[in-house]
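# structural data only, the sequence is not supplied:
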């Protein structure tokens, strides 16, 4: 992450470009909210949404729009065990950054921002943490059954719903109509095959 920020700052200085932060920006959060608008317009009976979480832009937009449409809807974040800063932040009541992240879900290695954290804190009902093996199994189901190519970060919501922690948690028993945001098809097949073969 530090390397990314350093490179972005260098490009900004050299070119005079303007940075639009990939998640900690009101415009990004607003744009992501259209997911809820479209989803709930087509499937209004959804009572629970499960969304991948990293920096929080996607889930912030989804949560703001969904709760505006239906204040009773539940919003759950799905996060990899090796990068569970949102889970830790919710427990600690403040942004918690990890000293190290290690997950196959490389799109979920960012940390919450100052704009996204208050939304996650207040509107995300819970964070479901899954391990990389559960993510890989969810990817496999996406390929085999849904016939869609999905990256680990995008498959994590399905992994969360299929996880034993979700199935056995009594607080989740009232989740009857679940919508899962599956996003992203950027798969490094070499990394994926290495992970599967371990």
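That came through, no problem. These numbers were taken from a predicted model, which means no experiment stands behind them.
# now do the helices in this protein.
2-15, 26-32, 34-42, 57-69, 85-92, 116-123, 132-141, 152-162, 164-168, 189-197 (DSSP state H).
# the shortest one: which residues count as buried?
This points to helix 164-168. residue 166 (16 or more other Cβ atoms under 10 Å). In short, each C-beta sits where N, CA and C put it, glycine included.
# any idea how far that helix is from the chain center?
18 Å (Cα atoms, centre = their mean, to the nearest Å).
# what is that helix packed up against?
strand 126-130 (3 or more Cβ pairs under 8 Å, 6 or more residues apart in numbering; DSSP states H and E).
# direction included, what does the strand it packs on pair against?
Strand pairing for strand 126-130, using DSSP bridges, gives strand 74-80 (parallel).
# okay, the helices of the chain in JSON lines with mean pLDDT and distance to residue 79 next?
Formatted as JSON lines, those follow (pLDDT from 0 to 100; distance: least, Cβ to Cβ, whole Å):
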{"stretch": "helix 2-15", "mean pLDDT": "88", "distance to residue 79": "20"}
{"stretch": "helix 26-32", "mean pLDDT": "96", "distance to residue 79": "17"}
{"stretch": "helix 34-42", "mean pLDDT": "96", "distance to residue 79": "18"}
{"stretch": "helix 57-69", "mean pLDDT": "98", "distance to residue 79": "10"}
{"stretch": "helix 85-92", "mean pLDDT": "97", "distance to residue 79": "5"}
{"stretch": "helix 116-123", "mean pLDDT": "98", "distance to residue 79": "11"}
{"stretch": "helix 132-141", "mean pLDDT": "94", "distance to residue 79": "10"}
{"stretch": "helix 152-162", "mean pLDDT": "96", "distance to residue 79": "7"}
{"stretch": "helix 164-168", "mean pLDDT": "91", "distance to residue 79": "12"}
{"stretch": "helix 189-197", "mean pLDDT": "65", "distance to residue 79": "18"}
